[in-house]
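Asker: Quick one, fold the following:
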Amino acid sequence: MLRLLRDSRTGERGSVMVLVAAAMTAVLALGAISLDAGRLYAERQRLVNVADAAALAGAQFLPGDPAQAVATALDYVELNGVPRSQATAEVVDSEKHKIHVSLWQDVNLTFARAIRIASSSVLASANAIRGPISKVHGAVPLGVELPQGIRFGEELVLKEGGGEGAFGNFHALAFGGRGACDYGINLRNGYDGWVAVGDLIDTEPGNMAGQTRGAIHDRIQADPYATVDNCSPNSPRLIVVPVVSFAGTNGRDQVAVLGFACFFIENMIGNDTVVGQFVRVLRPGEVLDGGNAPDYGVNAVKLTR
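Answerer: As a prediction, the model looks like this:
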């Protein structure tokens with residue numbers, strides 16, 4: 001009787017050991033698969049980051065140079081360790097404002113080989129667009145009405161002249177405060193605040209020839225040898241201004257901001273007429289929502305679906 005009881009207990013201990021061994025095997029297998037899954041996740045995240053960077057880099061050249069946009073995106077892919085043979089880039093909309101980048105990578109697995117999975121493909125993609133900017137920091141208090149059909153590279157009068165003591169609207173705006181003093185500071189330094197599409201801005205009546213002359217002179221002298229073709233993106237001669245309509249305004253009034261344009265300050269005619277060349281620039285900021293938003297040449301890039 002005692003012998004039978006002892007044998008029974010021995011059998012139970014053996015069964016428990018088998019169950020523990022099976023459980024340990026399962027735990028180790030799950031841990032091993034988790035390691036491979038973690039490797040796949042990390043590799044995909046790396047590819048996502050590379051795709052994002054490549055798409056943003058390429059979008060900077062849209063819409064004017066789609067071929068350069070694609071070449072730049074693929075350059076960024078290669079610089080970040082992904083062979084060109086494992087990437088595609090293409091401009092995907094008819095307006096040539098959007099670029100799509102796709103990447104793939106085969107990842108060798110270690111523990112999954114036990115279940116006959118030697119490798120797995122990881123995919124990532126990104127889209128980026130270039131479009132008109134929705135708001136600007138550092139705008140200059142001159143409102144422009146862009147004539148229909150104006151092209152980049154053409155000159156435009158940014159501020160009309162009227163002589164000392166003239167009255168009326170000469171394309172000046174009031175940012176953050178009214179009066180010639182605030183106007184002069186903002187014209188010289190750029191407005192230390194945000195101006196957004198849709199804002200209603202006060203016009204600044206009067207010619208303010210002295211403030212205009214001093215501020216524009218300082219901007220030109222700060223980069224006297226610059227031209228529209230060789231100036232740096234931070235040149236004080238590059239100014240961003242709101243696009244508005246002065247139709248129906250009289251004296252101090254309000255105008256709506258329709259968008260933003262950039263001009264290279266060419267010169268002054270007399271003491272109060274400012275002439276600039278219409279240029280396209282890229283600035284940090286948010287892209288204006290809506291595919292039909294008017295594009296006046298001040299753009300930003302962003303990732304999108």
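Asker: ok, which stretches of the stretch 1-150 of the chain are helices?
Answerer: Assigned by DSSP state H, counting those that start in this stretch, the helices in the stretch 1-150 of the chain fall at 2-59, 66-79.
Asker: Any stretches of the stretch 1-150 of the chain with poor pLDDT?
Answerer: 1-37, 108-119 (pLDDT under 70).
Asker: Who are the contact partners of Ile269?
Answerer: Gly161, Val275 (CB atoms under 8 Å, 6 or more residues apart in numbering). For the C-beta atoms, the positions are set from N, CA and C on the backbone; glycine is no exception.
Asker: Quickly note the distance from it to Glu155.
Answerer: Ile269 sits 11 Å away from Glu155, going by CB to CB, to the nearest Å.
Asker: what is in contact with these two at once?
Answerer: Shared contacts of Ile269 and Glu155, defined by CB under 8 Å, 6+ apart, comprise Val275.
Asker: Point out where the stretch 201-305 of the chain drops to low pLDDT.
Answerer: Using pLDDT under 70, the stretch 201-305 of the chain drops low at 290-292.
Asker: same thing but at 80, please
Answerer: When residues are selected by pLDDT under 80, those of the stretch 201-305 of the chain lie in 271, 289-293.
Asker: That one: helices as residue ranges?
Answerer: Under DSSP H, counting those that start in this stretch, the stretch 201-305 of the chain gives helices at 209-222.
Asker: Going along the chain, name the strands of it.
Answerer: 238-243, 254-256, 259-269, 273-279, 281-282, 298-304 (DSSP state E, counting those that start in this stretch).
Asker: Partner strands of the fourth one and their direction?
Answerer: In this case it means strand 273-279. Here strand 273-279 is paired, per DSSP bridges, with strand 155-159 (antiparallel), strand 259-269 (antiparallel).
Asker: now the shortest one
Answerer: In the sheet containing strand 281-282, the strands it pairs with under DSSP bridges are strand 298-304 (parallel).
Asker: What residues of the partner strand count as buried?
Answerer: By 16 or more other CB atoms under 10 Å, the buried positions in strand 298-304 come out as Val298, Asn299, Ala300, Val301.
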